[in-house]
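Colleague: Predicted model, plus sequence, below.
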Amino acid sequence: MSHGEAQMEPLSVSDLTGAIKEVLETAIPAVRVAGELSNVVLARSGHLYATLKDDAAQIRVVMWKGKASRLRFEPRDGLAVICEGNVEVYAPRGAYQLILAAMQPEGVGSLELAFRQLQEKLAAEGLFDPDRKRPLPTFPRRVALVTSPTSAAVRDALQVLRRRWRGTDAIVVPTAVQGDGAAKQIAAALRTAGGLSGVDVVLLIRGGGSLEDLWAFNEEPVARAVAACPVPVVCGVGHEIDVTIADLVADRRALTPSEAAELAVPDGREIEAFVADAAERLPLALRRRVATEAQRLDELDARLADAGRRRVERGTHELERLGGRLHALSPLAVLGRGFSLTRQEKSVLTDAAAVAVGDEVTTRLARGSIRCEVLERTEDEE
């Protein structure tokens, strides 16, 4: 600048930043920008902060709490997204940023992505494991239906319960089943149903609808409440093709609300038919049992008789053997071979020195006895 020329009045930083802000925010209307998320932070305030970038550039993005809380999916680092919003200059830092009004995952719907993210999270915690599925009671005392009290689903389910088994009481725990806040209501209703006296099983049911209509059953509070329910939960939401997160966590999944009711209670007609058939088959079964037992008794009797006969034969043989040995040892048998037994009074004489000449003794022969007088005594020499 040469001397003499008028110098431009300097601007303050705020003035310059304000001028840039006005130009930038006026010149660039709402935009849609595709990029990859990084440095994602969900602040305690509920506001979402992140960087949106591509290979050559990056821009700071902000989503305020009100819109961030309504995102169906969880923004994560590395996720490709399409953002909608307005460029704003943040004067305190002299930086520009994109204030987001909406964010969509690129290549997949936000609901689909939210479903996959929650499914992955709960699967990692084991909430879908077959080992944690509980069996349903055969004859429940009371069934609680968590659903809209005015829906066709509850009417169909109650009709099925009455038709199949009248021995079970049913109670409806009302809740909204779609719309904002429905997930929290459903979770609260599940907690109430699980704590009711006498309730042995809970039916979580809703009729068909769009993915958005059924979305409450794909939200984490409902999944947690199903997993924490103290009694088994049967989930019958929508139609056969509708698989929700609640279905995956529940102890049993039913294709429809009516099928949920069928799974919960036995079929009284089937039980009556079973009892009638059993009553008809019972006499025949008893006759067969009596005949079988009679045959077994006959066989046992024959075996006992045979065993007894062999025992008697063995005893007779042993008795004869012992008799023969006893006879061989009998004094009478010895006497029969020519020996004799001499007594003096009651003493058996074995020594000639025990008597004197003239004593009277008695000699026992094989047949009969004789009285003798000792005429002479001879003692053996030592």
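Modeller: Looks like it came in fine.
Colleague: Need phi/psi at Pro75.
Modeller: Backbone geometry at Pro75, expressed as degrees, to the nearest 10, gives phi -60, psi 130.
Colleague: my bad, should have said Thr363
Modeller: For Thr363, the backbone dihedrals (degrees, to the nearest 10) come out as phi -110, psi 130.
Colleague: From Thr342, how far out is it?
Modeller: To Thr342, Thr363 is 5 Å away according to C-beta to C-beta, to the nearest Å. In this view, the C-beta of every residue, glycine as well, is placed from N, C-alpha and C.
Colleague: what's the overlap in contacts for these two?
Modeller: Taking C-beta atoms under 8 Å, 6 or more residues apart in numbering as the contact definition, Thr363 and Thr342 share the neighbouring residues Cys372.
Colleague: Neighbour count for these two, which is higher?
Modeller: Thr342 (17 against 14; other C-beta atoms under 10 Å).
Colleague: Which helix or which strand is home to that one?
Modeller: Applying DSSP states H and E as the criterion places Thr342 in strand 341-344.
Colleague: Show me what secondary structure element comes after that strand.
Modeller: According to DSSP H and E, the helix or strand after strand 341-344 is strand 347-348.
Colleague: ok, that next one: who's next to it in the sheet?
Modeller: strand 341-344 (antiparallel) (DSSP bridges).
Colleague: mean confidence for the partner strand?
Modeller: Averaged across strand 341-344, the pLDDT comes to 89.
Colleague: where do the helices sit along the stretch 101-250 of the chain?
Modeller: Per DSSP state H, counting those that start in this stretch, the stretch 101-250 of the chain has helices spanning 110-124, 152-164, 182-194, 220-228, 245-249. These are given in chain order.
Colleague: Arrange these in JSON lines, one row each, with distance to Arg72, mean neighbour count and mean pLDDT as further columns.
Modeller: Shown next, in JSON lines, are the helices of the stretch 101-250 of the chain (distance: least, C-beta to C-beta, whole Å; neighbours: other C-beta atoms under 10 Å; pLDDT from 0 to 100):
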{"stretch": "helix 110-124", "distance to Arg72": "4", "mean neighbour count": "16", "mean pLDDT": "91"}
{"stretch": "helix 152-164", "distance to Arg72": "24", "mean neighbour count": "18", "mean pLDDT": "94"}
{"stretch": "helix 182-194", "distance to Arg72": "12", "mean neighbour count": "21", "mean pLDDT": "97"}
{"stretch": "helix 220-228", "distance to Arg72": "12", "mean neighbour count": "20", "mean pLDDT": "97"}
{"stretch": "helix 245-249", "distance to Arg72": "13", "mean neighbour count": "23", "mean pLDDT": "96"}
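Colleague: low-scoring stretches of the chain, by residue?
Modeller: Applying pLDDT under 70 to the predicted model, the residue ranges of the chain that meet it are 1-6, 381-382.
Colleague: Spatially central residue (nearest the centroid) of it, please.
Modeller: Most central residue of the chain, judged by C-alpha distance to the mean C-alpha position with C-alpha atoms, centre = their mean, is Arg134 at 4.6 Å.
Colleague: Now do the contacts for it.
Modeller: Pro232, Asp251 are the contacts of Arg134 under C-beta under 8 Å, 6+ apart.
Colleague: and the helix or strand hosting Ala307, how far out from the chain's middle?
Modeller: Element membership for Ala307, per DSSP H and E: helix 268-329. Taking the mean of its C-alpha atoms, helix 268-329 sits 46 Å from the chain's own mean (C-alpha atoms, centre = their mean, to the nearest Å).
Colleague: got the angle between that helix and helix 152-164?
Modeller: Put simply, helix 268-329 runs at 40 degrees to helix 152-164, going by axes from the mean of the first three to the mean of the last three C-alpha atoms, to 10 degrees.
Colleague: Toward the C-terminus, what is the element adjacent to helix 268-329?
Modeller: Toward the C-terminal end, the helix or strand that comes next after helix 268-329 (DSSP H and E) is helix 331-336.
Colleague: which other residues reach that following helix?
Modeller: When contacts are defined by C-beta under 8 Å, 6+ apart, helix 331-336 is touched by residues His327, Leu341, Arg364, Leu365, Ala366.
Colleague: Including distance to Arg321, could those go into a markdown table?
Modeller: Putting those into a markdown table (distance: C-beta to C-beta, whole Å) gives the following:
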| residue | distance to Arg321 |
| --- | --- |
| His327 | 11 |
| Leu341 | 27 |
| Arg364 | 28 |
| Leu365 | 29 |
| Ala366 | 25 |
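Colleague: Which among those residues count as buried?
Modeller: Of the members of these, the ones counted as buried by neighbours, 16 or more other C-beta atoms under 10 Å, are Leu341, Arg364.
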